[in-house]
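> fold the following and give me the result.
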Amino acid sequence: MRRVMYIALVWCMTAWAAGEFFDQRFADGYTLLDDGDAQGALDYFQELKVETPDSALVDYSIATAHYALGLSNKESDNQEKATEHWVTAKNNFDRLISNSSPFLKENAPLNAANCMAQLARQLDPGKQYKERMTALKSAISEYEKVLYQQPDNKMAKANIDHLRYLLKKMQQNPPPDQQEQDEGEDGESGNEGDDEEEGNDPQKGDEEKDQEEQEQDGAEDDQEGDSDEDESESDSPPQAGDSPQDQSSDQKTESDENIEAILDSLEEQNKKEQKNLRRSTRKPQVGPGGKWW
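Numbering: from 1, shown residues only. Coordinates of the predicted model:
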């Protein structure tokens, strides 16, 4: 649970800090967000939308409130509602990516990627394996686009590393039905290749058949002598750590410890970045005639 909360904290940091850049009219809405009243913030920003229908900053703030509602619904185990809010937030952020505002150019793509990442992590890796794999890859692709434009974006780097870890873990541990399906597909393709080779070269098939018969005759002659060796080997107790299961368990423990250490380090770094963002004194940019972006 601690790890989940940390990731959520990183992914909402930019949206919350955005309140520092806006006009005083936005302050009450972002205060509601800071106090945990995401629904109240959404209602406030929607009223502001009526007053300034063409404001891109209002649209950004509404998307931010939807993102926060996704987090709160996730914490209360209302997965369906959380998904609805993140889809709405992502659609809004996507529409703002092409805006000419420097602030929106920097933050809209990042928050759109954050929404995609949250949607991917909502999917059950056991029941929705392929869907989750596809969603994780999409989120990673969006973070890559962010990092192409902002190579030093620490939040994007931290989140993409975490998603790559989740993706790799899923690839290494597919659910049983998915593993059987993959093995079945591999087996069918291999059998088709064998059939084609035998059909193209009948003489080769006869030679292989003769060779198998000779090997079978030799195996029967050696069977009696081998049985004594087999019995003595079966009496030997298995050595601890020899089985693939034991080895896999040890590796998994070490991997989990490593990723936990990395996340702890990133969490401490994130707290410092939050404080720096909160201290920001940059004023909002206003267009000609007092119009907002």
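
> who are the contact partners of A89?
63-64, 66-67, 70, 111, 115 (Cβ atoms under 8 Å, 6 or more residues apart in numbering). Glycine gets a C-beta too; all of them are placed from N, C-alpha and C.

> cool, I97 as well?
Per Cβ under 8 Å, 6+ apart, neighbours of I97: 104-105, 108-109, 112.

> which ones among the contacts of A89 lie within helices?
63-64, 66-67, 70, 111, 115 (DSSP state H).

> tell me the secondary structure for G126?
Three-state call for G126 (DSSP: H, G, I helix; E, B strand; the rest coil): coil.

> name the nearest residue to it, ignoring sequence neighbours.
Leaving aside its chain neighbours, G126 sits nearest to P175 (4.9 Å; criterion: Cβ to Cβ, 6 or more residues apart in numbering).

> that neighbour and Y129 touch, don't they?
Yes: using Cβ atoms under 8 Å, P175 makes contact with Y129 at a distance of 5.6 Å.

> neighbour count winner among those two?
Neighbour count, other Cβ atoms under 10 Å: between P175 and Y129, Y129 has more, with 18 against 15.

> the more buried one against Q171, yeah?
No: counting by Cβ under 8 Å, Y129 stays clear of Q171, with 10.1 Å between them.

> pick the one among the ones in helices among the contacts of A89 closest to Q150.
N111 (12.8 Å; Cβ to Cβ).

> the closest one contacts A68, correct?
No: proximity of N111 to A68 does not meet the contact threshold set by Cβ under 8 Å, at 11.3 Å.

> compare these two (neighbour count), which wins?
More neighbours surround N111 than the other of N111 and A68, with 27 against 23 (other Cβ under 10 Å).

> before we move on, back to that, now a PyMOL select for only the buried ones of the contacts of A89.
Filtering those down to the buried ones (16 or more other Cβ atoms under 10 Å) takes a single PyMOL command:
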select buried, resi 63+64+66+67+70+111+115
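
> with pLDDT as extra columns, can I get the contacts of A89 in JSON lines?
As requested, the contacts of A89 are exported to JSON lines (pLDDT from 0 to 100):
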{"residue": "A63", "pLDDT": "96"}
{"residue": "T64", "pLDDT": "95"}
{"residue": "H66", "pLDDT": "97"}
{"residue": "Y67", "pLDDT": "96"}
{"residue": "G70", "pLDDT": "96"}
{"residue": "N111", "pLDDT": "96"}
{"residue": "C115", "pLDDT": "97"}
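
> widest-spaced pair of the contacts of A89?
G70 and N111 (11.6 Å).

> out of the contacts of I97, flag the one nearest to V87.
Of all the contacts of I97, V87 sits closest to A112, with 11.3 Å by Cβ to Cβ.

> what is the burial count for that closest one?
Residues near A112, counting by other Cβ under 10 Å: 24.

> swap in the one 10 residues further on?
Neighbouring residues of Q122 were enumerated by other Cβ under 10 Å; the total is 17.

> state the pLDDT value of it.
For Q122, the pLDDT comes out at 93.

> if I pick L96, what's in contact with it?
Going by Cβ under 8 Å, 6+ apart, L96 touches 56, 59-60, 63, 104, 108.

> apply 6 Å and report the result again.
By Cβ atoms under 6 Å, 6 or more residues apart in numbering, L96 lies in contact with 56, 60, 104, 108.
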